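Engineer: Next one to model:
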Amino acid sequence: MKKTGKGITSASEREGRPSLSVKPDEADHGFSREFVTALISGYPEAIVITDQYFNILFHSKKVSEIISKSEIQLIGRPVFDTLLKVPASDLPALKEKLNDIGGREISMIIKLPDNNTYAEVLISTSEDLYSGYYTFKIRLQQTDQPENRAPSGNSLNETEVSDHEVSMAVGQKKIDSGVLFNIIEALTHPFYLIDISSGKIVISNSAARDFELSVKSSGCNMRHKPSFCAGDASDCIHAAVRSAGSPVRVEHTYEKLNGEKVIHEVFGYPMPDDKGNPWLVIQYSIDITERIKNESALNEYRVITENLLKNIPGMAFRCLNDRRWTMEYVSPGCKRLLGYRADELTGKGQIEFNSLILPNDRERVWAEIQNALKHHNFYRIDYHVVTRNGRVKWVQESGRAIYDRNGIPVRIEGLIMDITNLKTSEEKLQRELAINQVIASAGLDLLRGHTRLPQLARMIQSHLARFTGSKLSYLLTHDKSGKFRIYCHAGGDDSSEGLLVTPERLKESIFGQFMDITEPEIRNDMNYKGALPCIARQSIDISRLLSVPAVIDKHSDAMIILANSDTAYSHESIAVVQRFINLFALASFRMQAEEALREAKLKAEESDRLKSLFLSNMSHDLRTPMNAIVGFAEMLQDAELGRDEKDRFLDAIIKSGDSLLHLVNDIIDISKIEAGQMQLVFSDCDVNALMDEIELTFRQELDRQGKTHVMFYIQKGIPDTSFKVHTDAIRIKQVLSNLIGNAIKFTDEGFIETGYRIESGKLLFYVRDSGIGIPEEYQKLVFERFGQVKETVSRNISGTGLGLTISKNLVEMLGGKIWLDSFPDEGSTFWFTLPLKKIQANTKSQAMKTSGPHRPDLSDKCILVVEDVDTNYFYISSLLEKMNARVIRAANGRRAVEMCKADSSINLVLMDIELPVLNGYEATREIKKHRPGLPVIAQTAFAMAGERERSEEAGCDEYLAKPIRKDDLIETISRFIS
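Structural biologist: Here you go, the predicted model:
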């Protein structure tokens, strides 16, 4: 582009424009249709060119602005139908008039198509220039109904054509230079006519001049520069057309003085002279900066759209609204969604999309979509499709219709998305909700006490059949009888209360494989055929099996076995079943706990009643021996009593004291047991020697009670005198004494037999009698506290009822078990077992001593008795003085310490524990500090566990529990004083 600083050069003298540098006849050349179209399009007035049949060939942009119609709606259409409204009756006269106008111009007023605007139309033609082509100039009127003008062809005003008006030809026809100058000047983009030989600008318009003045620099914008590129943007078009001899197109960039950068699309056309030689170059450019930006944005949008369509979890589509859902376009997502390529769904021999919809869904999909389109609504619908590999997916389709001019939906555009995971989640959620509702309802019924275990079992099995699709269901739980209770659910064949099955029978069935499992087990490849509990007469085929236990405290409390589901069992199946079987196990545990609580309540009430009876009886049992002791003691004060009477009274006092002591010992023992303070002392026990001692003791007891006619037998299972076991001999003797004592009490005639034998690797003791026996309903009661007080059993015979309770606890502490066999009026047999821990003796056992200890002579021995109770001191001092001992007394612990420090002649101390000022333990510690070798024997009425250990810790050398027996005291003193 060359800067000229000039305006348009032309040849019209009347307009005062400079003339061309060539003669007018030399300018007799033709312009291409494209060039004429571009020129007329930019003409500043509304102008239309038609052919001889009044069909529109060209028009300026102003025409489109006036009547709001596009080029497509105007080109080739009759001017009187499209642009100018003329009554049909006036058209023949108008056309005849126009054919006769020659070089004249016709002016007329015609209504425009909007029915509200009138315009003046100037129509002209020239035979020598136009050869039958017409030019229409349209000028809008200021009023809707102009005066003195008739809006019809009958009021045409003919005028001579002015010599400055445009005359034009199209195709290869000539164009008048004056009109051309006006058109070029009116163009809004830079335009040049360049001499092809010299490269000088012949014509340029004001738009070109203004643009040149605003430009700072220029350059080529072509990505791939053409071969004809001259390198200089200002001379590019001229050089290119001259070199190529044909039209060219390039893009140039320009930087304006204000820094703005613009891009122009520049065109160059060669214009030959009448001899066909190159003469001029037509150059014009169009600012395409915005277009480039828009194209860039459009390309970016297209890339984004393509990426979105590739990445969306579904398939965008456009299809025909027909039964086949014929696809015209599908996005690349179809491959991921359906497994098919886009060309397989849209090309020839395409796969019908309707065939991919599950048959059960097709009619519903068609009906719902058509209903939405009928009401011009957006639609969304869920249905199933089958993919290429046969997988069934849930999809959601959303879209809207494209309607034709008659409002009929012809196409659909939309999006189809894979919602399989969403549907699966929804189904899981709904299933979870249903399960929660069932469990909540069952839990509520359980809390209200409306449901029993059989009802709960049937409910659980019914729901699990629905949730897992299982055809068979077996719910197993432990029964308190030791058997298994099985609830069956097999196709509606339910066992109402369940079947009781022994463990042995269960092991013989297929269920035996699952009796001891603590973890769920799945067997989806099972092939079993055989009979099962509940339907033993039928042979059942099992292909799939699921076993789920309910484990409480590491033990299987219940178990459910499901079989023959529609689909394979999975970990999800386990999770569902686990919740139901846990509910059953907890309900069973709760019901058992409630039953145990009710039994405990009844037992407590019974125990409370028995306790009241026990206390009443205890009062009687305490007062009875006390009455004898006090009564006979008072009678002994009578001086007139003979020796025989005194002996009988003393014997009664001793027996009553023994009875009272036995009663107190029982109370102490049961208290120790309940407090957990009963301690066992294991040692080697000569069993046969123990039995000999028992025989001697109870033969004397039978004699004492006047029952020598009752036969008493001892049976030794191992005659060997060296037979010993490791156990607590004192507690075994206590148990046997309790059992034999009861036998003597309740046997007036017949026999009593006791003995032992080895059976099943255990030591089995027994005591058998021919007494009154015990009814079956009371046999469990006799081992409970206060059980003896039952009137029908006790027969008004005195006793606390604690002996058997103590015996039961001692046997269990020793690791054994106690029970009885009894029939009313036939007698009873009590059995108890002990672990057999046999010991081989190294020496022969010695015969048990039957005589009392030798009474020592304590002459010249001083014994300090520390006792604050006078009667106790009197008893002990009397015993010691009979052995010639010197006895001194201290009434409190402090005095005892002082006496031991001051008197070195003291040989032994009998120390009471419960003393004023200083207790026996502290006093012993003080004494041992000064005289560590002085023997101290503790004597206390405390008989609970730990007293012996406390006394030993304080420094005592021996321990005696009150009441102190004469023989025990003599034997203990003899060990410390020679």
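Engineer: so where do the helices sit in the stretch 551-700 of the chain?
Structural biologist: 571-635, 643-675, 687-704 (DSSP state H, counting those that start in this stretch).
Engineer: Show me where the stretch 351-500 of the chain has its helices.
Structural biologist: Counting by DSSP H, counting those that start in this stretch, the helices of the stretch 351-500 of the chain are 359-374, 420-448, 453-468.
Engineer: So which other helices or strands are in contact with the first one?
Structural biologist: Counting contacts by 3 or more Cβ pairs under 8 Å, 6 or more residues apart in numbering; DSSP states H and E, the secondary-structure elements packed against helix 359-374 are strand 379-386, strand 409-418. No exception for glycine: its C-beta is placed from N, CA and C like everyone else's.
Engineer: E508 is nearest to which of these?
Structural biologist: The closest of the helices and strands packed on helix 359-374 to E508 is strand 379-386. By Cβ to Cβ, the value is 47.7 Å.
Engineer: average model confidence for the closest one?
Structural biologist: Averaged over strand 379-386, pLDDT sits at 96.
Engineer: I'd like the numbering to begin with 22 instead of 1 from here.
Structural biologist: Fine by me, first position is 22 from now on; the one you just mentioned is strand 400-407.
Engineer: Output that strand in CSV, but only the C-alpha positions, please.
Structural biologist: These are the backbone C-alpha positions of strand 400-407, laid out as CSV (Å, rounded to 0.1, in the frame of the first residue of the first chain):
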residue,chain,number,x,y,z
TYR,A,400,-37.4,-34.5,29.5
ARG,A,401,-35.3,-36.8,31.7
ILE,A,402,-35.8,-40.5,31.8
ASP,A,403,-34.0,-43.6,33.3
TYR,A,404,-33.9,-46.9,31.5
HIS,A,405,-31.7,-49.9,30.8
VAL,A,406,-29.3,-50.5,27.9
VAL,A,407,-27.3,-53.5,26.8
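Engineer: So what's the gap between it and the chain middle?
Structural biologist: 29 Å (Cα atoms, centre = their mean, to the nearest Å).
Engineer: buried set for it?
Structural biologist: Buried residues in strand 400-407, defined by neighbour count with 16 or more other Cβ atoms under 10 Å: 400, 402-407.
Engineer: which residues are contacting that strand?
Structural biologist: 359, 377-379, 381-382, 385-386, 389-390, 393-394, 413-421, 440, 444 (Cβ atoms under 8 Å, 6 or more residues apart in numbering).
Engineer: Recalculate using a threshold of 7 Å.
Structural biologist: Residues from elsewhere that reach strand 400-407 (Cβ atoms under 7 Å, 6 or more residues apart in numbering): 359, 377-379, 382, 386, 389-390, 393, 413-420, 440.
Engineer: do you know how far the nearest residue to G836 once chain neighbours are set aside is from G776?
Structural biologist: The shortest distance from G836 to any non-neighbouring residue, by Cβ to Cβ, 6 or more residues apart in numbering, is to P856 (4.6 Å). P856 sits 18 Å away from G776, going by Cβ to Cβ, to the nearest Å.
Engineer: Which one of the two is surrounded by more residues?
Structural biologist: Legend: neighbour count by other Cβ atoms under 10 Å for P856 and G776, higher for G776 (16 against 13).
Engineer: pLDDT score for the residue nearest to the more buried one when sequence neighbours are not counted?
Structural biologist: Nearest residue to G776, sequence neighbours excluded (Cβ to Cβ, 6+ apart): Q736, at 2.9 Å. Q736 carries a pLDDT score of 92 in this model.
Engineer: ok, Q736 touching L785?
Structural biologist: No. Counting by Cβ atoms under 7 Å, Q736 does not reach L785; the two are 11.2 Å apart.
Engineer: the more surrounded of those two?
Structural biologist: Each of Q736 and L785 has its neighbours counted (other Cβ under 10 Å); L785 has more, 17 against 12.
Engineer: can you confirm that one is in a strand?
Structural biologist: Yes. Counting by DSSP: H, G, I helix; E, B strand; the rest coil, L785 is located in a strand.
Engineer: beta partners for it?
Structural biologist: Counting by DSSP bridges, L785 is bridged to R778, T854.
Engineer: How much space separates it from S828?
Structural biologist: 15 Å.
Engineer: Map the structural domains onto the sequence of this protein.
Structural biologist: 51-194, 209-307, 333-439, 451-620, 700-861, 883-997 (automatic domain parsing).
Engineer: Just the mean pLDDT for the shortest one, thanks.
Structural biologist: For domain 209-307, the mean pLDDT works out to 82.
Engineer: what's the weakest-modelled helix or strand in this protein?
Structural biologist: The helix or strand of the chain with the poorest confidence is strand 178-181; it has a mean of 34 (mean pLDDT, DSSP states H and E).
Engineer: one step back: let me know which of the helices of the stretch 372-521 of the chain is tucked in deepest.
Structural biologist: helix 474-489 (a mean of 20; mean count of other Cβ atoms under 10 Å).
Engineer: CA atoms only: put that helix into CSV for me.
Structural biologist: Extracted C-alpha coordinates of helix 474-489, given in CSV (Å, rounded to 0.1, in the frame of the first residue of the first chain):
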residue,chain,number,x,y,z
LEU,A,474,-38.1,-66.5,69.7
PRO,A,475,-39.9,-68.8,67.2
GLN,A,476,-41.8,-65.8,65.8
LEU,A,477,-38.5,-63.8,65.6
ALA,A,478,-36.8,-66.8,63.8
ARG,A,479,-39.6,-67.0,61.2
MET,A,480,-39.5,-63.3,60.7
ILE,A,481,-35.7,-63.2,60.2
GLN,A,482,-35.8,-66.2,57.8
SER,A,483,-38.6,-64.7,55.8
HIS,A,484,-36.8,-61.4,55.3
LEU,A,485,-33.5,-63.0,54.6
ALA,A,486,-35.1,-65.1,51.9
ARG,A,487,-36.3,-61.8,50.3
PHE,A,488,-33.0,-59.9,50.8
THR,A,489,-30.7,-62.7,49.6
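Engineer: dump the residue contacts of I440.
Structural biologist: 403, 415-417.
Engineer: one step back: would you mind telling me which of the helices and strands packed on helix 380-395 is nearest L119?
Structural biologist: So among the helices and strands packed on helix 380-395, strand 430-439 is nearest, using Cβ to Cβ, at 44.0 Å.
Engineer: Just confirm the residue nearest to G836 contacts M834, I think it does.
Structural biologist: No. Using Cβ under 7 Å, P856 makes no contact with M834, being 11.6 Å away.
Engineer: thinking again about what came up before, wait, which of the helices of the stretch 572-721 of the chain is closest to V702?
Structural biologist: Of those, the one closest to V702 (Cβ to Cβ) turns out to be helix 664-696, at 13.4 Å.
Engineer: Please tabulate the domains of the chain in a markdown table, including the columns distance to L671.
Structural biologist: As requested, the domains of the chain are exported to a markdown table (distance: least, Cβ to Cβ, whole Å):
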| stretch | distance to L671 |
| --- | --- |
| domain 51-194 | 148 |
| domain 209-307 | 141 |
| domain 333-439 | 105 |
| domain 451-620 | 51 |
| domain 700-861 | 14 |
| domain 883-997 | 13 |
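Engineer: closest to L657 out of the ones you listed?
Structural biologist: L657 sits nearest to domain 883-997 of all those, at 15.2 Å, using Cβ to Cβ.
Engineer: How far away from the center of its chain is that closest one?
Structural biologist: 74 Å.
Engineer: gap between the two ends of it?
Structural biologist: Domain 883-997 has an end-to-end distance of 13 Å (criterion: Cα to Cα, to the nearest Å).
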